[in-house]
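**Student:** okay, here's the prediction I keep looking at, along with the sequence it came from:
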Amino acid sequence: MLPFIAEHVEKLWDTWNIRGLIILSLLVQSFLILFAPLRRQRGGQWVVMISIWSAYLLADWLATFTIGLMLRAERSDILALWAPFLLLHLGGPDTITSFSLGDNDFWIRHLIGLMLQVNSTVYVFFQSLPQNKLWLPTFLLLIAGIIKYAERNCAFYLASFDHFGNNWAFFPANIKIPLIPTQFSYPNLYRLSGEVDNS
């Protein structure tokens with residue numbers, strides 16, 4: 001009885017693994033779009049914060065794992081269309097780029113991930129050619145996914161502690177920028193708050 005169940009589960013996994021992970025990735029992205037702004041509210045419930053944090057971590061993993069599964073799957077026009085769509089997922093929703101300030105310092109890791117995932121997605125796209133009847137929308141999604149993922153990496157880079165202070169030069173001199181609250185526990189923020197002219 002047990003081998004039959006294992007065989008049935010394996011067959012179900014082989015049939016639905018990529019489809020199910022794409023649907024799960026869509027659900028996680030939708031959850032982040034709807035609920036990520038709640039993390040900014042003071043006195044947020046810990047259940048909401050843990051749910052957002054888990055979804056934030058799960059979103060990248062799901063998209064990366066699914067693109068990896070696509071590398072081994074049969075060639076398909078629809079599969080080639082979904083790979084760049086997952087690159088858009090790796091770019092993340094606009095409501096949450098990083099969960100905390102410390103996440104921005106890992107911009108190099110995300111840059112390496114960008115290069116690897118773009119290579120994988122381009123490989124899935126080229127595997128589907130020349131029979132791919134959906135090559136134009138797939139190519140456009142690929143360009144949009146690369147731009148979105150690169151935009152997220154640029155945001156990580158500009159918000160990292162090493163580069164955050166250099167961004168003050170972009171503000172005109174007549175704009176008053178409030179001091180960064182001192183309750184943050186990051187020592188570099190104290191340094192940055194002293195560099196801002198607040199008079």
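**Tutor:** In hand now; what should we look at? None of the values given here were measured: they were computed from a predicted structure. Numbers count the residues shown, from 1 in each chain.

**Student:** quick one: pLDDT of the closest residue to Ser76 other than its chain neighbours?
**Tutor:** Nearest non-adjacent residue to Ser76, counting by C-beta to C-beta, 6 or more residues apart in numbering: Ser128, 6.9 Å away. Placement of C-beta: from N, CA and C, glycine included. Confidence at Ser128, expressed as pLDDT, is 86.

**Student:** right, and Ser128 touches Leu79 too?
**Tutor:** Yes - with the criterion set as C-beta atoms under 8 Å, Ser128 and Leu79 qualify as a contacting pair; they are 7.2 Å apart.

**Student:** on that earlier part again, so how far is Val118 from the residue nearest to Ser76?
**Tutor:** From Ser128 over to Val118 the distance is 16 Å, taken as C-beta to C-beta, to the nearest Å.

**Student:** buried residues in the biggest helix by length in the chain?
**Tutor:** The helix that spans the most residues within the chain, counting by DSSP state H, is helix 2-35. The neighbour-count criterion (16 or more other C-beta atoms under 10 Å) identifies 18, 21-22, 25, 28-29, 31-32 as the buried residues of helix 2-35.

**Student:** try stretch 143-155
**Tutor:** Using 16+ other C-beta under 10 Å as the burial criterion, the residues of stretch 143-155 that qualify are 145-146, 148-149, 152-153, 155.

**Student:** and what about Arg75, helix, strand or coil?
**Tutor:** On the three-state scheme (DSSP: H, G, I helix; E, B strand; the rest coil), Arg75 is labelled coil.

**Student:** mind listing what Lys148 touches?
**Tutor:** Lys148 sits next to 87-88, 90-92 when contact means C-beta atoms under 8 Å, 6 or more residues apart in numbering.

**Student:** and Ala83, what element?
**Tutor:** Assigning secondary structure by DSSP states H and E places Ala83 in helix 77-90.

**Student:** orientation of that helix relative to helix 2-35 in degrees?
**Tutor:** For helix 77-90 and helix 2-35, the angle between their directions (axes from the mean of the first three to the mean of the last three C-alpha atoms, to 10 degrees) works out to 50 degrees.

**Student:** list the helices and strands helix 77-90 packs on?
**Tutor:** Using 3 or more C-beta pairs under 8 Å, 6 or more residues apart in numbering; DSSP states H and E as the contact criterion, the neighbours of helix 77-90 among helices and strands are helix 2-35, helix 46-72, helix 107-128, helix 135-159.

**Student:** so for it, mean pLDDT?
**Tutor:** 89.

**Student:** again with stretch 45-54
**Tutor:** Per-residue confidence for stretch 45-54 averages out to 85 on the pLDDT scale.

**Student:** please state the offset of that stretch from the chain centre?
**Tutor:** Averaging C-alpha positions (C-alpha atoms, centre = their mean, to the nearest Å) puts stretch 45-54 18 Å from its chain's average.

**Student:** got the buried residues for that stretch?
**Tutor:** When neighbours are counted by 16+ other C-beta under 10 Å, the buried residues of stretch 45-54 are found to be Ile52.

**Student:** how about stretch 81-99?
**Tutor:** Under the neighbour-count criterion of 16+ other C-beta under 10 Å, stretch 81-99 has 81-93, 96-98 buried.
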